[in-house]
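1. Everything below, folded, please.
(chains A and B)
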2 protein chains.
Amino acid sequence: MSKDALFVGVDLGGTNVTAGVVDASHQVVAREKKKTKAERGEEQVVQRIAKCVRAAIDAAGCKLDEIGGVCIGAPGAIDQNKGEVINAVNLRWNDYPLAQILSDELKRPVTLDNDVNVGTWGEHVAGAGKEFNDMLGIFVGTGIGGGLVLGGKLYHGFHHTAGEIGHTVLNADAPLGYRTLEKRASRTAVANTLKALVLANYESALPELTDGDLDTIRSGVLRDAVGAGDALTIEVLRQSAYYVGVAIANTLTLLSLPCAVVGGGLTEAVGEPYLEWVTDAFRKHVFPKTLQSCTIAASTLGDDAGVVGAAALARERLG
Amino acid sequence: MSKDALFVGVDLGGTNVTAGVVDASHQVVAREKKKTKAERGEEQVVQRIAKCVRAAIDAAGCKLDEIGGVCIGAPGAIDQNKGEVINAVNLRWNDYPLAQILSDELKRPVTLDNDVNVGTWGEHVAGAGKEFNDMLGIFVGTGIGGGLVLGGKLYHGFHHTAGEIGHTVLNADAPLGYRTLEKRASRTAVANTLKALVLANYESALPELTDGDLDTIRSGVLRDAVGAGDALTIEVLRQSAYYVGVAIANTLTLLSLPCAVVGGGLTEAVGEPYLEWVTDAFRKHVFPKTLQSCTIAASTLGDDAGVVGAAALARERLG
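-> Got it, this is the predicted structure:
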């Protein structure tokens, strides 16, 4: 199949699976979304992925045999050469040959990569990192994930787990459980901190914005709180952005990269100010000083980054 | 010139320059050491390097035209393709075409790389990292430097400054000036902390071991203090090793590497216990758990790592 054909990118999460049919200029022609229902086991999930892919192809008005191939971005450790999910905690999968099984089902070639890697690749081929052959992608949501493009290629590392920036330590002297980026800066961390502060009687618009249910502080609520000028929410988001900026500084210092693209639900909900706070912290901590002028950009593909990146990988590997 | 010829590796520091003649099995046949005298300016330093190289070749009982080429490991940011020192604070050099100038002087081909990179490369080709195509080299001395081998090649990064692990932040909430690995774990940091503690009347053998001059706490004194079972010195060295272990965990987590080699004056002076403390901290913080079994090894080349690595690079690039 030619590289100009349509390819399908799949974003497989613990909750949802999204399939998109993507053309050679990285435009999503059609997309479809279904629940993953991971609790039903591997075979059921594969059936749901296949159904989602077929539905997206239908919606695009084409046929399965016109598709050049499929790439799935899956959570966890992925062996991209073997097409196996080595370990995916969310899905409770181990050493699962997903590419082969889905390929048998669809009768089309299938390849795999890590979900954050494909998102990073999307931003690299068609998003905010388009001009950079070396970049970090960092996505701040429920957790924090990262992906690396080095010398124009996705970098996987010896154990296939590269990019786990959320699990790097930024506060080595803090109590265990409070040392890593993810524990300080993820949407989960921000929500937990805000809940504790409100319960400790800090003044905030959050009780009103959540109708008193502080367990519902998610990205939309945070956006509304920032919009309402809620000082407490802004302060806690500033802290989150500070840690993200420091983690980006660490990575660009270690790897001498010219660019980081920042995405994910929290970043997108808060928008421009979040990126400014990130950039401030980055500039203050990167070494050497020549790297202060590196590009720190907001993701431009948003939720489509995974689908676009996966389809682009499918095109490269299978086209 | 054949790859089997003798090559010269040069370790250029702010204080000393060492040249070694190295054979194809990475054995140092002869070495020579001189003061750098950086304050005398670029041309004088080049003359001293040339003199040192010639003396090493004499000591090896061979002639300059039997040498395949020379590689210099120089401090600071190096453009290895152009053979230029972009910026070396210690030497007060900027955009200095060292390779060309030394090559004109010696009439032999000359190549350049960063000093920590060549040390890392030495451990990779002939030291503790010999079995690993992907590794971190980390050297703990006056400062803390790092080098990366990815996919069997030295990794330089877009801005040629990769490996600056000493400048990564491990304590984002600490006061400015106390946030980075180097500020917490270098020999300088250890000596400053110990001096402050002794002046604050903490019990220690250090006043005796330094004849009362607490500004002379260097690696040898630290070794003697550990040998004498000095609890204060051991505690502060444990802290240093903890931070080094956390920084290694961060790097192996981010890059999914199977190996880190730990060297430098402090590590070598303290020896086995230091590496054990580093390894403990590494195991506690690396992610995912499968990486806990990565190799954390002490440098086996010691002071020769730079010379051996530089000569090996010369052999690869110029042979």
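2. Around chain B, which positions in the stretch 201-319 of chain A sit nearby?
-> Those residues of the stretch 201-319 of chain A that sit near chain B, judged by C-beta under 8 Å from any C-beta of the partner chain, are A:242-243, A:246, A:249-251, A:253-258, A:285, A:287-288, A:290-291. All C-beta atoms are positioned from the backbone trio N, CA, C, and that covers glycine.
3. could you flag which of those are buried?
-> Using 16 or more other C-beta atoms under 10 Å in any protein chain shown as the burial test, those include A:242-243, A:246, A:249-251, A:253-258, A:285, A:287-288, A:291 as buried.
4. And the pLDDT for residue A:2?
-> pLDDT, the model's per-residue confidence, is 80 for residue A:2.
5. got a list of what residue A:180 touches?
-> A:166, A:167, A:168, A:169, A:170 (C-beta atoms under 8 Å, 6 or more residues apart in numbering or on different chains).
6. just how off-centre is the helix ranked longest in chain A within its chain?
-> Using DSSP state H to define each element, chain A has its longest helix at helix A:231-255. Centroid separation between helix A:231-255 and its chain, computed with C-alpha atoms, centre = their mean, to the nearest Å, is 17 Å.
7. now swap in stretch A:8-15 and tell me
-> In this view, stretch A:8-15 has its centroid 11 Å away from the chain centroid, taken as C-alpha atoms, centre = their mean.
8. ok, and for that stretch, which residues are buried?
-> Here stretch A:8-15 shows A:8, A:9, A:10, A:11, A:12, A:13, A:14 as buried, counting by 16+ other C-beta under 10 Å.
9. just checking, the second one touches residue A:74?
-> Meaning residue A:9. No: counting by C-beta atoms under 8 Å, residue A:74 is not a contact partner of residue A:9; they are 11.9 Å apart.
10. what's the burial count for residue A:113?
-> Using other C-beta atoms under 10 Å in any protein chain shown, residue A:113 is surrounded by 27 other residues.
11. next SSE after the helix or strand containing it?
-> Using DSSP states H and E, residue A:113 sits in strand A:110-114. With elements assigned by DSSP H and E, the helix or strand that comes after strand A:110-114 is helix A:115-126.
12. Show the average pLDDT along that next one.
-> Average pLDDT, helix A:115-126: 98.
13. residues contacting the closest residue to chain B within the stretch 51-200 of chain A?
-> Ranking the residues of the stretch 51-200 of chain A by distance to chain B (C-beta to the nearest C-beta) places residue A:157 first, at 2.5 Å. Residue A:157 makes contact with A:163, B:134, B:255, B:256, B:257, according to C-beta under 8 Å, 6+ apart.
14. State the phi and psi torsions of it.
-> phi 80, psi 160 (degrees, to the nearest 10).
15. swap in residue A:19?
-> Dihedral angles of residue A:19 (phi, psi; degrees, to the nearest 10) stand at phi -120, psi 140.
16. Provide a list of residues in contact with it.
-> Applying C-beta under 8 Å, 6+ apart, we find residue A:19 in contact with A:8-11, A:31-33, A:49, A:52-53, A:55-56, A:307.
17. what's the first-to-last distance across stretch A:298-313?
-> End-to-end span of stretch A:298-313 (C-alpha to C-alpha, to the nearest Å): 22 Å.
18. Next, residue A:264: phi, psi?
-> Phi and psi for residue A:264, reported as degrees, to the nearest 10, are phi 100, psi 160.
19. Does it touch residue A:137 like I think?
-> No: in terms of C-beta under 8 Å, residue A:264 does not count as a neighbour of residue A:137; the distance is 9.6 Å.
20. who's in contact with the closest residue to residue A:86 other than its chain neighbours?
-> With C-beta to C-beta, 6 or more residues apart in numbering or on different chains as the criterion, residue A:86 has its nearest non-adjacent residue at 4.1 Å, and that residue is residue A:77. Going by C-beta under 8 Å, 6+ apart, residue A:77 touches A:85, A:86, A:87, A:88, A:114, A:159, A:160, A:161, B:288, B:290.
21. Run the angle between whatever helix or strand the first one lives in and helix A:115-126 for me.
-> Assigning secondary structure by DSSP H and E places residue A:85 in strand A:84-88. Put simply, strand A:84-88 runs at 120 degrees to helix A:115-126, going by axes from the mean of the first three to the mean of the last three C-alpha atoms, to 10 degrees.
22. Name the strands paired with strand A:84-88 and say parallel or antiparallel.
-> Paired strands of strand A:84-88, with direction, are strand A:77-79 (antiparallel), strand A:93-96 (antiparallel) (DSSP bridges).
23. for chain A, what are the low-confidence residue spans?
-> Regions of chain A meeting the criterion pLDDT under 70 cover residues A:1.
24. which residues in it form strands?
-> Secondary structure of chain A (DSSP state E): strands located at A:6-12, A:16-22, A:28-35, A:67-74, A:77-79, A:84-88, A:93-96, A:110-114, A:135-140, A:144-150, A:153-154, A:259-263, A:295-298.
25. Pick the most deeply packed of the ones you listed.
-> Highest mean neighbour count among the strands of chain A (mean count of other C-beta atoms under 10 Å in any protein chain shown): strand A:135-140, with a mean of 30.
26. And the contacts of it?
-> For strand A:135-140, the external contacting residues (C-beta under 8 Å, 6+ apart) are A:116, A:119-120, A:123-124, A:129, A:144-149, A:163, A:165, A:185-187, A:240, A:244, A:247-248, A:251-252, A:255, A:257-267, A:299.
27. list the contacts for the residue lying farthest from the centre of chain A?
-> Largest separation from the mean C-alpha position in chain A: residue A:201, at 34.1 Å (C-alpha atoms, centre = their mean). Residue A:201 makes no contacts at all, as judged by C-beta under 8 Å, 6+ apart.
28. need the contact list for the spatially closest residue to residue A:50 that is not a sequence neighbour.
-> Excluding the flanking residues, the one nearest residue A:50 by C-beta to C-beta, 6+ apart is residue A:105, at 4.8 Å. With contacts defined as C-beta under 8 Å, 6+ apart, residue A:105 is in contact with A:46, A:47, A:50.
29. thinking again about what came up before, so which of the buried residues of stretch A:8-15 is the closest to chain B?
-> Distance to chain B across the buried residues of stretch A:8-15 (C-beta to the nearest C-beta) is lowest for residue A:14, with 16.5 Å.
30. So the nearest residue to the closest one once chain neighbours are set aside versus residue B:288, what's the distance?
-> With sequence-adjacent residues excluded and distances taken as C-beta to C-beta, 6+ apart, residue A:14 is closest to residue A:90, at 3.4 Å. Using C-beta to C-beta, to the nearest Å, residue A:90 is found at 13 Å from residue B:288.
31. do residue A:130 as well
-> Counting by C-beta to C-beta, the gap from residue A:130 to residue B:288 is 31 Å.
32. which non-adjacent residue is nearest the closest residue to chain B within the stretch 201-319 of chain A?
-> With C-beta to the nearest C-beta as the measure, residue A:256 is the residue of the stretch 201-319 of chain A nearest to chain B, at 2.5 Å. Closest residue to residue A:256 apart from its sequence neighbours, by C-beta to C-beta, 6+ apart: residue B:157 at 2.5 Å.
33. Quick check: the gap between residue A:131 and residue A:124.
-> Distance from residue A:131 to residue A:124, by C-beta to C-beta: 10 Å.
34. cool, residue A:46 as well?
-> 28 Å.
35. and the two? which has more neighbours close in?
-> residue A:124 (27 against 17).
36. That one reaches residue A:130, doesn't it?
-> Yes: between residue A:124 and residue A:130 there is a contact at 7.0 Å, judged by C-beta under 8 Å.
37. For residue A:160, list the residues it contacts.
-> So residue A:160 contacts A:77, A:78, A:79, A:80, A:86, A:114, B:256 (C-beta under 8 Å, 6+ apart).
38. State the number of residues packed around residue A:81.
-> By the criterion of other C-beta under 10 Å, residue A:81 has 10 neighbours.
39. Ramachandran angles for it?
-> Main-chain torsions, residue A:81, degrees, to the nearest 10: phi -70, psi -40.
40. Not counting its neighbours along the chain, what's nearest residue A:290?
-> Computed as C-beta to C-beta, 6+ apart, the closest residue to residue A:290 that is not its neighbour in sequence is residue B:159, at 6.2 Å.
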